[in-house]
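*Asks:* Sequence unavailable; structure follows:
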């Protein structure tokens, strides 16, 4: 089983690492002999021909031109779920890559196999990362991952529909959100005031829950607290109510992919606002312009109470040689340079991973042209910790299935559903 495998690998790594502790290197290249070639293999979640995949390959080429003794092999693995399956298989066969991008919550599954990055990245590099995005990079107080492909849920609005409804102010609380949604709803034109998709890993639900003051799991990741209050059930019940009233668009009643369905409704001018990842900002902004609509991105309602972050962090695996670890750290530092970090945000719409890259000329130009994206940057300070347990995938699968059922059949008792999920989740957590 995976549990036994991780236990075995962890024990082996502990034996291998006795006496190997060292001080963090001020220069991540310390120990890399200039005349000794080293190869690092970097698994990622992008298609090779995607914009992000091409960007990563181009950066690697520039890095290798400046560091002729280091070869960087970029390998796309087809998405967050696919890379997890392949990493588990690689762990079992002792063929893990040097480094990889994993969805932030999977650190709870892979942390025994990763190195302490504070031993390889300089203190200056670590301090320059957006601290809100580093929240999920620590496990038991040890820095195991750093941000790269990161996002948060933001409030997307169709300003054109707001203007048509005579609404200027953007809601900043959940009470304002639903009140505004009611005003935006135009049943004669088939326009819904808002829409909802919890996403396949429940991170949108998580974020809404955190912003209401709720939580899913205790800080030590040992107890499910989802049903300790009525907050979770109340959220679901409220959405059911507004769906029944025709105010909230419900993609769960269609056979198509829920994100595609809600995205299409937004792009067609049938949906005035929804919560979505800032990672699609650049793409959606262009599409909305092409469709003749004005789009804006704003902070998550009640963001100051805490909101989820999502997407990818970079880890380095312990099976790497010392030279590979230091080469990987040098490449990570290169990715975090102002030029590269800013260029990636401009290209993708993902969050700027470092503090200083926000001042890069390219990103400043992007913000001048897209001033509402500053809202995405400003809400990073409200990042809430997320579950870090090997059981999280099983837990969020049960949660999203139940949430989808509650949306498909809106007369479902949300309290009973949340209680059911909480009980199942605790069993999963206990079993590890």
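*Replies:* Perfect, I can see it now. Since the structure is predicted, the reported quantities are computational estimates derived from the model, not experimental observations.
*Asks:* Give me the mean pLDDT for stretch 302-317.
*Replies:* Across stretch 302-317, pLDDT averages out at 94.
*Asks:* Can you point out the buried residues in that stretch?
*Replies:* For stretch 302-317, the buried set under the neighbour-count rule, 16 or more other C-beta atoms under 10 Å, comprises 302-303, 305-317. For glycine as for every other residue, the C-beta is placed from the backbone atoms N, C-alpha and C.
*Asks:* do stretch 94-101 as well
*Replies:* So stretch 94-101, judged by 16+ other C-beta under 10 Å, has buried residues 96, 97, 98, 99, 100, 101.
*Asks:* and those, which two are the farthest apart?
*Replies:* 96 and 101 (13.5 Å; C-beta to C-beta).
*Asks:* quick revisit: and which of the buried residues of stretch 302-317 is nearest residue 76?
*Replies:* Once C-beta to C-beta is applied, the member of those that ends up nearest residue 76 is residue 312, at 12.6 Å.
*Asks:* Now do the strand or helix carrying the closest one: distance to the chain's middle.
*Replies:* Following DSSP states H and E, one finds residue 312 within strand 310-316. Averaging C-alpha positions (C-alpha atoms, centre = their mean, to the nearest Å) puts strand 310-316 8 Å from its chain's average.
*Asks:* Nearest the geometric middle of the chain, what residue?
*Replies:* By C-alpha atoms, centre = their mean, the chain has its centre lying nearest to residue 310, at 1.4 Å.
*Asks:* Quickly list what that residue is bridged to.
*Replies:* As for beta bridges, residue 310 partners with residue 151 under DSSP bridges.
*Asks:* hang on, it packs against residue 106?
*Replies:* No. Here residue 310 lies out of contact with residue 106, judged by C-beta atoms under 8 Å, at a distance of 11.7 Å.
*Asks:* quick one: residue 42 is in a strand?
*Replies:* Yes. Residue 42: assigned to a strand according to DSSP: H, G, I helix; E, B strand; the rest coil.
*Asks:* residues touching it, list them.
*Replies:* By C-beta atoms under 8 Å, 6 or more residues apart in numbering, the contact list for residue 42 reads 56, 60, 72, 73, 74, 75, 97, 98, 99, 100, 328, 331.
*Asks:* Which of the three states applies to the fifth one?
*Replies:* Assigned by three-state DSSP, the conformation of residue 74 is strand.
*Asks:* Touching, it and residue 57? I think so.
*Replies:* Yes. Residue 74 lies in contact with residue 57 (C-beta under 8 Å); the separation is 5.2 Å.
*Asks:* okay, and the common contacts of these two?
*Replies:* Contacts common to residue 74 and residue 57, judged by C-beta under 8 Å, 6+ apart, are residue 48.
*Asks:* sorry, back to before: tell me which of the contacts of residue 42 is nearest to residue 409?
*Replies:* When the contacts of residue 42 are compared for distance to residue 409 (C-beta to C-beta), residue 100 wins out at 39.1 Å.
*Asks:* Quick check: neighbours of the one helix or strand the closest one maps to in the sheet, parallel or antiparallel?
*Replies:* Following DSSP H and E, one finds residue 100 within strand 99-103. Partner strands for strand 99-103, per DSSP bridges, with pairing direction: strand 38-44 (parallel), strand 310-316 (antiparallel).
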